[in-house]
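Visitor: My questions are about this predicted structure, shown below with the sequence.
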Amino acid sequence: MTILYFDCATGIAGDMAAAALLSLTGAEKELRKALKGVPLTGYRFAVTRAASAGMAGTRVDVNLTARENHGRHLPDILSLLRASSLPSETAARAVRCFELLGEAEAKVHGIPVDKVHFHEVGAVDAIVDIVSGCFLFELAGARAAYCSPLPGGTGEARSAHGKIPVPAPAALELLKEAPWRFGEGEGEMVTPTGAALLRAFDVSFERPPGMTVSGVGIGLGHREIPGRPNLLRVVSGEATHAPPGRDRVLEVEANIDDMSPQRFELLIERALAAGALDVAILPATMKKNRPGWVLRVLLTEERLEIVSSAVFSVSTAIGLRYHACDRLKLDRAVRDVQTRFGRVRVKEATLPDGSVRPVPEYDDVKRIVRSGAATFDEVAFEVARKWRK
């Protein structure tokens, strides 16, 4: 199984992701042909070999050759992508990337998503970078992608709205579940476009499986960072079939016999939002023969305080007990499958013998069923058929 690993030692931006994937695949001719299928003019796409602090790599530039009098709103960009002659998988992933980016920008600025505006230069840059990244990602043929922890940067960054703190609010919104190293690096290290591409690539921030490295792509940024190269590495390789991985988590429990079961929905929601890995409610008989429940939460040790606070704030629990548990885990990945009903994410678990067990993402199936487009069985059959291809 081919996998990709995004090594974001000095962060990620849209142009760095495109450059690193171009360096990895060497598909400049194919990329230029694909970009011609996007009805977008007034720019020149430049690819150069360069170096940053002694490290050689690829750098891409989007240079404007003509100027427009206005930028583009999100619906304009989505229409442009849907009208393109890009490969269907590339177009669908690019549309999803812009939708994710638009939703994040809309939330942090408090505006409707269709009012999100990409100013002139930013719109052209973002379109070319995102289309390039999505096309090259598809070309790499990875079944799964992993990413390193992200440097949060320091100081401020410039935006169309003025100076903003780093990480940019939209980047944080896009990667709320990612591991960040706040205060590391000078300036902006992770841009919203780079964050949106990581989301669109469905990267996992868990430890990647063992792999036999087959290629390394190096994409250079445009900013010089004192004392270190400004680059993104993308490593490709074949996953080695290994026994299930091991890790250690905490199991947190509480006995509850005096709370309305209506509150459990909010309790589970808050615990998961705080970083819990899983939440279960088990029926039990408590003291004085009262019917009650055992709340059981799995989490990593660093999330103990924040998850516990969430549980105490919503439930009637006045104490929690916890202990460490060792786990055996199969390697897991998430893959997009394009069906006639739309995009469906498929969770893939790699068994010890190397075979893969696919499970469609329930929320995606539910969305299709609720739209009236198909039944659960029809969606499951279609996803299985497309996944096997």
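Guide: Alright, I've got the coordinates. Numbers count the residues shown, from 1 in each chain.

Visitor: Could you list the low-pLDDT ranges of the stretch 151-300 of the chain?
Guide: For the stretch 151-300 of the chain, residues meeting the criterion pLDDT under 70 lie at 160-161, 241-244.

Visitor: now the strands for it?
Guide: In the stretch 151-300 of the chain, the segments counted as strands under DSSP state E, counting those that start in this stretch are 156-159, 162-165, 180-181, 211-220, 231-239, 245-256, 278-285, 291-299.

Visitor: tell me the most buried of these?
Guide: strand 231-239 (a mean of 22; mean count of other C-beta atoms under 10 Å). (Glycine included, C-beta is placed from N, CA and C.)

Visitor: Partner strands of that strand and their direction?
Guide: Paired strands of strand 231-239, with direction, are strand 2-7 (antiparallel), strand 211-220 (antiparallel) (DSSP bridges).

Visitor: want to try JSON lines for these, with distance to residue 354 as columns?
Guide: What follows is the strands paired with strand 231-239, written out as JSON lines (distance: least, C-beta to C-beta, whole Å):
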{"stretch": "strand 2-7", "distance to residue 354": "13"}
{"stretch": "strand 211-220", "distance to residue 354": "13"}
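
Visitor: Of those, which is nearest residue 190?
Guide: strand 2-7 (11.3 Å; C-beta to C-beta).

Visitor: what packs against the next helix or strand after the closest one?
Guide: The element immediately downstream of strand 2-7 (helix or strand, assigned by DSSP states H and E) is helix 14-25. Here helix 14-25 touches strand 55-64, helix 120-140, helix 192-200, strand 211-220, strand 231-239, going by 3 or more C-beta pairs under 8 Å, 6 or more residues apart in numbering; DSSP states H and E.

Visitor: Let me have the ones you listed in CSV, extended by distance to residue 90.
Guide: Conversion of the helices and strands packed on helix 14-25 to CSV gives the following (distance: least, C-beta to C-beta, whole Å):
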stretch, distance to residue 90
strand 55-64, 17
helix 120-140, 5
helix 192-200, 11
strand 211-220, 18
strand 231-239, 17
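
Visitor: between the ones you listed, which one is nearest to residue 276?
Guide: Going by C-beta to C-beta, the one of the helices and strands packed on helix 14-25 nearest residue 276 is helix 192-200, 20.7 Å.

Visitor: per the record, what domains does this structure have?
Guide: As recorded under automatic domain parsing, the domains making up the chain are 2-239, 245-329, 331-388.

Visitor: so of these, which one's packed in deepest?
Guide: Relative to the other members of these, domain 2-239 carries the highest mean neighbour count by mean count of other C-beta under 10 Å, namely a mean of 19.

Visitor: what about that domain, how long is it end to end?
Guide: 6 Å (C-alpha to C-alpha, to the nearest Å).

Visitor: likewise stretch 35-54?
Guide: Between the opening and closing residues of stretch 35-54 lies a distance of 31 Å (C-alpha to C-alpha).

Visitor: pLDDT of that stretch, averaged?
Guide: Over the span of stretch 35-54, the pLDDT mean works out to 94.

Visitor: re earlier: looking at the strands of the stretch 151-300 of the chain, which is nearest to residue 39?
Guide: Distance to residue 39, taken as C-beta to C-beta, is lowest for strand 211-220 among those, at 26.2 Å.

Visitor: Pretty sure residue 360 sits against residue 378.
Guide: No. Using C-beta atoms under 8 Å, residue 360 makes no contact with residue 378, being 11.9 Å away.

Visitor: what does stretch 63-81 contact?
Guide: 38-44, 46, 91, 94-95, 98-99, 102, 113-124, 126-127, 131 (C-beta atoms under 8 Å, 6 or more residues apart in numbering).

Visitor: mind redoing it with 7 Å?
Guide: Counting contacts by C-beta atoms under 7 Å, 6 or more residues apart in numbering, the residues outside stretch 63-81 that touch it are 38-44, 46, 91, 94-95, 98, 102, 113-121, 123-124, 127.

Visitor: what's the answer for stretch 198-216, then?
Guide: Stretch 198-216 has contacts (C-beta under 7 Å, 6+ apart) with 3, 5-6, 12, 24, 93, 96-97, 100, 134, 137, 145-147, 174-175, 178-179, 233, 235-240, 242, 331, 333-336.

Visitor: Isn't residue 323 up against residue 253?
Guide: No. The pair formed by residue 323 and residue 253 falls short of the contact definition of C-beta atoms under 7 Å, at 8.7 Å.

Visitor: you'd agree residue 328 is in a strand?
Guide: Yes. Counting by DSSP: H, G, I helix; E, B strand; the rest coil, residue 328 falls inside a strand.

Visitor: how far away is residue 198 from residue 125?
Guide: With distances defined as C-beta to C-beta, to the nearest Å, the gap from residue 198 to residue 125 amounts to 17 Å.

Visitor: ignore the last one, residue 139
Guide: Residue 139 sits 21 Å away from residue 125 when distances are taken as C-beta to C-beta.

Visitor: cool, residue 307 as well?
Guide: From residue 307 across to residue 125, the span is 39 Å (C-beta to C-beta).

Visitor: Same check on residue 82?
Guide: Residue 82 sits 20 Å away from residue 125, going by C-beta to C-beta.

Visitor: cool, and residue 177?
Guide: With the distance defined as C-beta to C-beta, residue 177 ends up 27 Å from residue 125.

Visitor: How about residue 265?
Guide: With the distance defined as C-beta to C-beta, residue 265 ends up 42 Å from residue 125.

Visitor: Same check on residue 382?
Guide: 37 Å.

Visitor: what about residue 349, helix or strand, and which?
Guide: Taking DSSP H and E as the definition, residue 349 sits inside strand 342-350.

Visitor: contacts for whichever helix or strand comes after that strand?
Guide: Past strand 342-350, heading to the C-terminal end, the next element that is a helix or strand (DSSP H and E) is strand 356-360. With contacts defined as C-beta under 7 Å, 6+ apart, strand 356-360 is touched by 344, 346-351, 380, 383, 387.

Visitor: Great, nothing more from me.
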